[in-house]
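J.: Just a sequence and a predicted model for now, questions to come.
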Amino acid sequence: MNGALLRRLGREWLWGYTLFFAVLLYLPSACIMLFSFNSGIHIKFPLDSFTFDWYRALAANDSLLAAAGNSFRVGFVAATAATVIGVLGGFALVRYKLKGGKAITGLSIMPLLIPSIILGIALLVLLRVIGVGNSLIAITIGHVVFCTPLSVSIMISRFVDLDRTLEEAALDLGAREVGTFLQITLPLSASAIASAFILCFLTSFDEFVIAFFLSGTRSTLPLYIWGQLRFPQKLPEILALGSCVLVGSLILVMLGEILRMKRAVPQ
Amino acid sequence: MSKLRGVLAGAVAALAMTGAAALTPAAAQDKLSYFTWDGYELPDFHKSFEAAHPNSLDVSKFGDDDEAFTKVKAGFKPDLAHPCYDKVVRWKDAGLIEPMEIAKIKNWDKIFPTLRNLPGLVDGDKTWMVPWDWGNTSITYRTDKITNPENSWKLLWDKQYAGKIAMIDAVHDTPIVGAMLAGVDPFNMDDAAIAKTKAVLMEQRPLVKMYTTDLTSVEQALASGELVAAMTWNASAHNLKTQGVPVEFMNPKEGMLTWVCGFVMIKDTPHKDLAYDFINSRLEPESGEALVTMYSYGTSNADAMKAVGDAKLKELNLPADPDTMLKTTVFTKPIGNNEKVTKMFEEVKAGG
Amino acid sequence: MTSGQGTLWKRYALVAPLCVTTILTVLISLALILALSFQTVDVVKLFTSLTTDAYVENLGRPLFWRLLWRSIVIALAVTAVTLLLAYPAAYFISFKAGRMKNALLIVVSAPFFTSYLLRIFGWKIILGYNGILNALLVDSHIIAEPLQTLVYRPGTVVVALAHAYLAFAILPIYVALDRIDRSLIEAASDLGARPHINFLRIVLPLSMPGVISAALLIFVPTVGDYITPTLIGGPDGAMVANLIQSAFGKANDWPAGSAMSVATILAVALPLAAIYGLHHQLKKRAEAAAA
């Protein structure tokens, strides 16, 4: 009886804690959203009146929309490239027992293990040597480097979990390796591929340090936000922008995570 | 496997093409690439250029002209850049810029004489920068929390305001004031003078809540009372007054700082004609007036300042004529020994 | 599957882009930084002549070591706080959440991918002088005047960074917990082990590989962060990456920045290599136990 009560208390405690944990995670974002509807320029309590003005101003701000467009393009291309690299590399690493495969798997997270500032500077020098100047293309290349570890690890864990019987059956029936890969393996991994793409896209969309060093004439959204910090009157607009970005990326990331968790083979 | 190779090659090619299409601006070659302070790209500042050359401007922005210098030095090649006077010598010495052809600048004679004859900007028959915007740096303080202070930069060294002071994180601002209070020439410091300045800045450091160029946070903090005094540009004082915050922009006896920025031509740019059209458009009275009324900073064209009107200028803490003002303020000219001063300031900020 | 020489070559070709974008790029980057660190300062050209000046001058300053030490302390604090906060939540999701498992996992990991700069700003709103926390404390008469000390402090950096990595840290811990064979725990319970003994003897040791990989993924980027200290650290919150960033930016002394980067990487890499070795051992043991 006593033990059961204790166990229950333990359970409830953990429930409460996890709830608190989730609230804590969303607290700063919620504050940004709250103040994006506040009519006053200053962030302080009590709030002034409710307004949609900052959202309206957002829609009319050309340089902001341009920066958002750039971020979308960079994110799309970088995520596509990182996902393709991750799918091919992850598949080869899991299916073929390549010599050095284990080392490659381990080392492929290296871009996550050196500070972005060093990666950013080094890429700046490196890209200059191979003739790519500061530009969106340079940022995209930087983001491919930064996102690939993410896509590879997602794809590796998917290919490890993938039920191989279907692949083997296809091969036994005389299908060629490429056909099997395209018609069996890829469709079975579609949800993980989509998830890798979405997470890479969001990582690129949010990345600041590498973009800071590699940007040229056109900036991405985080660079734009950084630059606006010196214009106090723009703060509410930035908060409105932030709310849109937060809501949009939350929806996307949830979609990505749902896809990542979907089982390879429905049971 | 050959099919896989085909698929792979196809995927790579498709990716490369969509990537290139998505990331390369159409016909970027015909545009003027302008590298400027964040916020100084607004079309109101060059309406006639927009009208004559629609869609011909490619803007890149920086938040600090030292960073801008680093980027151009690292290989970034705009056509026209917008650093400030104290940095131009550095750009020139690094071989990044070429002299302006004054004959091509229509309103050159309308520029305040002091501004167009700055030593270093003009050497011999060469002019390296066309001045456009200028403003003052001083102390913005809360009049309800600090009553009738002595008009001196020493206010920012006053221990009773410990933790309620903010300084601008730029070599041409905070260290210059430090040097002035240390009694050395801010623009010509040898190692001993740098050490003296460092001592003065270290004395102040425990009082400072933040060294920043994030003026959003500074204004927010002044409005809330988190800060009572801060080194700011004159626009901040005006912004806060407009919002009803009781502040004043001090005129310290040691002198406010005055900065001036302008356009420099990057070496061997292919778009010189566009660049001159752009500069001419910026020097029209209408453009200058837009700068003054929108940002509360001064412009170099005397006619533009006249158009704004004395009453408005007074409200903005701007003199009608910078030539007289410059006799009382400290002009931020190029700093000798810039690298060492920069390092010293970095050390102060990081804790000595 | 049979694999002739030709096929083998093609299989390696599939891994090649991965090796180029990750391993090769990072190695070249590190080599470049190393090469740069032995150059003389030249405002115009990058590669001039060889010298160790950058090391002598920058590593000779006590300032560098003080900031490096502070960065390591801050990063360790962030890592510890993050792991302590994330572990119970990961444990709950893996062991007790039942059908809510996936939904909860999504809810807690999603914030990691939302705008980092903005979340720092969110903390300013909470901890600022006129922020939510001060407003609450003043309204409930706990304090008379708003606290000045909540923001622009090294502690603020710890809070913001720990929060930033919470959502991320939970994933590897959860994966490790989820891999634990439940029959082990049942067997122990059948033998009369109390729940907390079960936790200390079975769950905690078997989840260590996840905890350690989470620690690595938090510690390394934290040591090298300069955005958070710049925005909310105040003068005493500056970290070593602020020095490196200013050397590459304002001070325009790339060799100095490179030399400090090399020293930082070495100072951080050595203990990390030790942790990694430990990680490997634990993983082996966990696999042996699972088998």
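T.: Structure received.

J.: where along chain C do the helices fall?
T.: Taking DSSP state H as the test, the helices found in chain C are C:5-18, C:25-36, C:53-59, C:62-91, C:101-109, C:116-127, C:132-139, C:154-179, C:182-190, C:195-198, C:204-223, C:227-228, C:240-248, C:254-290.

J.: Packed most tightly, which of the ones you listed would that be?
T.: Mean neighbour counts were taken over the helices of chain C using mean count of other C-beta atoms under 10 Å in any protein chain shown, and the top value, a mean of 26, falls to helix C:240-248. Yep, even glycine has a C-beta here, placed from its N, CA and C like the rest.

J.: Show me what that one is packed against.
T.: Packing contacts for helix C:240-248, counted by 3 or more C-beta pairs under 8 Å, 6 or more residues apart in numbering or on different chains; DSSP states H and E, involve helix A:116-129, helix B:338-350, helix C:62-91, helix C:254-290.

J.: Out of those, the one nearest residue A:139 is which?
T.: Nearest of the helices and strands packed on helix C:240-248 to residue A:139, taken as C-beta to C-beta: helix A:116-129 at 9.5 Å.

J.: contact partners of the closest one?
T.: Outside helix A:116-129, the residues that touch it by C-beta atoms under 8 Å, 6 or more residues apart in numbering or on different chains are A:111, A:133-134, A:138, A:141-142, A:145-146, A:207, A:209-210, A:212-214, B:74-75, C:25-26, C:28-30, C:32-33, C:36, C:46, C:221, C:224, C:226, C:241, C:244-245, C:248, C:254, C:257-258, C:261, C:265.

J.: now the helices of chain C as CSV including mean pLDDT?
T.: Formatted as CSV, the helices of chain C follow (pLDDT from 0 to 100):
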stretch, mean pLDDT
helix C:5-18, 82
helix C:25-36, 88
helix C:53-59, 84
helix C:62-91, 93
helix C:101-109, 82
helix C:116-127, 85
helix C:132-139, 85
helix C:154-179, 88
helix C:182-190, 83
helix C:195-198, 79
helix C:204-223, 87
helix C:227-228, 90
helix C:240-248, 88
helix C:254-290, 80
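
J.: nearest residue to residue B:204 other than its sequence neighbours?
T.: Nearest residue to residue B:204, sequence neighbours excluded (C-beta to C-beta, 6 or more residues apart in numbering or on different chains): residue B:157, at 5.2 Å.

J.: so where's chain A uncertain?
T.: A:1-3, A:6-7, A:10-11, A:45, A:230, A:262-267 (pLDDT under 70).

J.: As a check, name the ranges of all helices in it.
T.: Under DSSP H, chain A gives helices at A:2-36, A:53-59, A:62-95, A:101-107, A:110-113, A:116-129, A:136-161, A:165-172, A:177-180, A:186-188, A:190-206, A:209-214, A:221-228, A:235-261.

J.: is it true that residue B:166 lies in a strand?
T.: Yes. When classified by DSSP: H, G, I helix; E, B strand; the rest coil, residue B:166 is found to be part of a strand.

J.: how far does stretch A:169-185 stretch from start to finish?
T.: Terminal residues of stretch A:169-185 lie 12 Å apart, using C-alpha to C-alpha, to the nearest Å.

J.: That one: which residues count as buried?
T.: Within stretch A:169-185, the residues that count as buried by 16 or more other C-beta atoms under 10 Å in any protein chain shown are A:170, A:171, A:175, A:177, A:178, A:180, A:181, A:184, A:185.

J.: Of those residues, which is the nearest to chain B?
T.: When those are ranked by distance to chain B (C-beta to the nearest C-beta), residue A:178 comes first, at 4.2 Å.

J.: Please list the residues of the stretch 51-200 of chain B that sit near chain A.
T.: When proximity is defined as C-beta under 8 Å from any C-beta of the partner chain, the stretch 51-200 of chain B approaches chain A at B:58, B:59, B:60, B:61, B:63, B:71, B:74, B:75, B:76, B:77, B:78.

J.: If the second one is in a bridge, with which residues?
T.: Beta-bridge partners recorded for residue B:59 (DSSP bridges): residue B:34.

J.: Now do the contacts for it.
T.: Here residue B:59 is in contact with A:63, A:217, B:34, B:35, B:36, B:41 (criterion: C-beta under 8 Å, 6+ apart).

J.: ok, how many other residues are close to the second one?
T.: Translated: residue A:217. Counted by other C-beta atoms under 10 Å in any protein chain shown, the residues lying close to residue A:217 total 22.

J.: What distance do you get for residue A:235 to residue A:173?
T.: According to C-beta to C-beta, to the nearest Å, residue A:235 and residue A:173 sit 64 Å apart.

J.: ok so, going back, could I get the buried residues of stretch A:169-185 as TSV with distance to chain B?
T.: Shown next, in TSV, are the buried residues of stretch A:169-185 (distance: C-beta to the nearest C-beta, whole Å):
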residue	distance to chain B
A:170	15
A:171	14
A:175	12
A:177	7
A:178	4
A:180	11
A:181	7
A:184	14
A:185	12
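
J.: one step back: for the residue nearest to residue B:204, give me phi and psi.
T.: Note on residue B:157: backbone dihedrals following degrees, to the nearest 10 are phi -110, psi 10.

J.: Touching, it and residue B:207? I think so.
T.: Yes. Contact criterion C-beta atoms under 8 Å: residue B:157 and residue B:207 qualify, at 7.1 Å.

J.: Residue C:146 - how many residues pack around it?
T.: 18.

J.: Now do the contacts for it.
T.: B:226, C:129, C:130, C:134, C:135, C:137, C:138.

J.: Residue C:206 contacts residue C:180, correct?
T.: Yes. Between residue C:206 and residue C:180 there is a contact under C-beta under 8 Å: 4.9 Å.

J.: List the contacts of residue C:229.
T.: C:157, C:237, C:238, C:239, C:241, C:242.

J.: of the residues you listed, closest to residue C:57?
T.: residue C:242 (17.9 Å).

J.: List the residues that contact the closest one.
T.: Counting by C-beta under 8 Å, 6+ apart, the residues that residue C:242 touches are B:350, C:67, C:226, C:229, C:230.

J.: and what of residue A:241?
T.: Listed by C-beta under 8 Å, 6+ apart, the contact set of residue A:241 reads A:58, A:64, A:221, A:225.

J.: For residue A:64, see how far away the residue lying closest to the first one once chain neighbours are set aside is.
T.: The reference is to residue A:58. Counting by C-beta to C-beta, 6+ apart, residue A:58 lies nearest to residue A:240, which is 5.2 Å off, once chain neighbours are set aside. Separation of residue A:240 from residue A:64 (C-beta to C-beta): 10 Å.

J.: more neighbours, the two?
T.: Set side by side, residue A:240 and residue A:64 show more neighbours around residue A:240, with 24 against 20, by other C-beta under 10 Å.

J.: Touching, the more buried one and residue A:34? I think so.
T.: No. The pair residue A:240 / residue A:34 is not scored as a contact, 11.6 Å apart, by C-beta under 8 Å.

J.: and stretch B:282-294, how far out from the chain's middle?
T.: 16 Å (C-alpha atoms, centre = their mean, to the nearest Å).

J.: typo on my end, stretch C:57-76
T.: 18 Å.

J.: do that stretch and chain A meet at all?
T.: No. Stretch C:57-76 is not in contact with chain A by C-beta under 8 Å from any C-beta; minimum separation 10.0 Å.

J.: got the contact list for that stretch?
T.: Taking C-beta under 8 Å, 6+ apart as the rule, stretch C:57-76 contacts B:347, B:350-352, C:154, C:157-158, C:161, C:218-219, C:222-223, C:238-243, C:247, C:256, C:259-260, C:263-264, C:267-268.

J.: same thing but 6 Å
T.: For stretch C:57-76, contacts defined as C-beta atoms under 6 Å, 6 or more residues apart in numbering or on different chains pick out B:347, B:350, C:157-158, C:219, C:222-223, C:239-240, C:243, C:256, C:259-260, C:263.

J.: If anything else comes up later, I'll come back, but that's it for now.
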